[in-house]
Each structure stands twice: as structure tokens, then as C-alpha cells.
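Visitor: Got a predicted model here, sequence first, then my questions.
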Amino acid sequence: MTEVSFHFNVPDRLAYTCRLLRKAARQGAQVVVTGPAAMLAQVDRALWTFDPVEFVPHLMPRPDVPLPERLVNTPVWLLEGAASAPRRDVLVNLGPDAPAGFESFARLVEIVSSDVADRAAARARWKHYAARGYAIVKHEVSV
């Protein structure tokens, strides 16, 4: 069963996501990040610039363009929908809804800011997972 964790009160979701992805890539995890296209574009740009001495290998494949075989094992994939993702270890959700297909991942990480709307959407996702019997781990991020 998928391990679900919520990281609450994240002061800067973009920077936190980049650090989390860097850590996962260092540990050899295969990660998919889901969310709205605009948010994924921000993550893509941030991964190129957030650390001046280290690069987090990632890609944002387009559905209408075939992916070259040499890129299939890129550790971080940025996708609007998790259901179309190849089998991966970790799913990071930056979207407002529970991602379809999350149950095919070993871990699901929800990154939640202190914004009122973001917290309200997170509560709905929490209820969604809990109603389906998933044990949820809560992490309070300290500033």
C-alpha cells in the first residue's frame, strides 16, 4: 500500500520541492512530480537554478513527442498526470486534487504551504486518502 505523507507549513513550496527532489535523486529514487502545468514549469526552471553547483536531472515530457530511450531513466519526471507515468518510487503532488494513479507508487508526498486555500485543498486530499484506508504521516516543517 502507498505510504502517504503530508509536509505542512512549507514556507516556500518551490524551494522545498527542489530540495526534496535533490535528496531523492541523491538516494537513487525515481520521482514523478504532478501538478498544474504552470507550477511544473516553475519547478523545471527552479531545478536549473536553485543550486549553483549541483544539477538535479529532470525532464518534462510532452505527450505528443516520443521520449528518446536514453532519457527513460531520468530520475525526476514532471507530469501533469501521474496515471501516465512509468513506474516510479515516489510521487510528489503539487496539485489541488488527489492525483489519479497515486496508488501505483510506493510513496506519495503532499507539500502544503500555510496559505488558507492550499491548506483547505490539503484537508480534502487527506480525507480522500484516509477514506480509502491509507495511513497518513504528518510532517510539520519548521522555518
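Guide: Received it, and whenever you're ready, just let me know what you need.
Visitor: can you pull out the strands in the protein?
Guide: 3-8, 31-34, 58-59, 76-79, 90-93, 107-111, 136-140 (DSSP state E).
Visitor: mind checking the longest helix of the chain?
Guide: Counting by DSSP state H, the longest helix found in the chain is helix 116-131.
Visitor: buried stuff in that one?
Guide: Going by neighbour count (16 or more other CB atoms under 10 Å), the buried part of helix 116-131 is 118, 121-122, 125-126, 129. (Each C-beta comes from the backbone N, C-alpha and C, glycine too.)
Visitor: CSV for these, including distance to Ile111 and pLDDT?
Guide: CSV is the format used below for the buried residues of helix 116-131 (distance: CB to CB, whole Å; pLDDT from 0 to 100):
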residue, distance to Ile111, pLDDT
Asp118, 9, 96
Ala121, 12, 98
Ala122, 9, 98
Arg125, 11, 98
Trp126, 13, 98
Tyr129, 15, 98
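Visitor: can I get these in TSV with distance to Trp48?
Guide: Shown next, in TSV, are the buried residues of helix 116-131 (distance: CB to CB, whole Å):
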residue	distance to Trp48
Asp118	25
Ala121	28
Ala122	28
Arg125	29
Trp126	32
Tyr129	32
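Visitor: Thanks again, I'm all set now.
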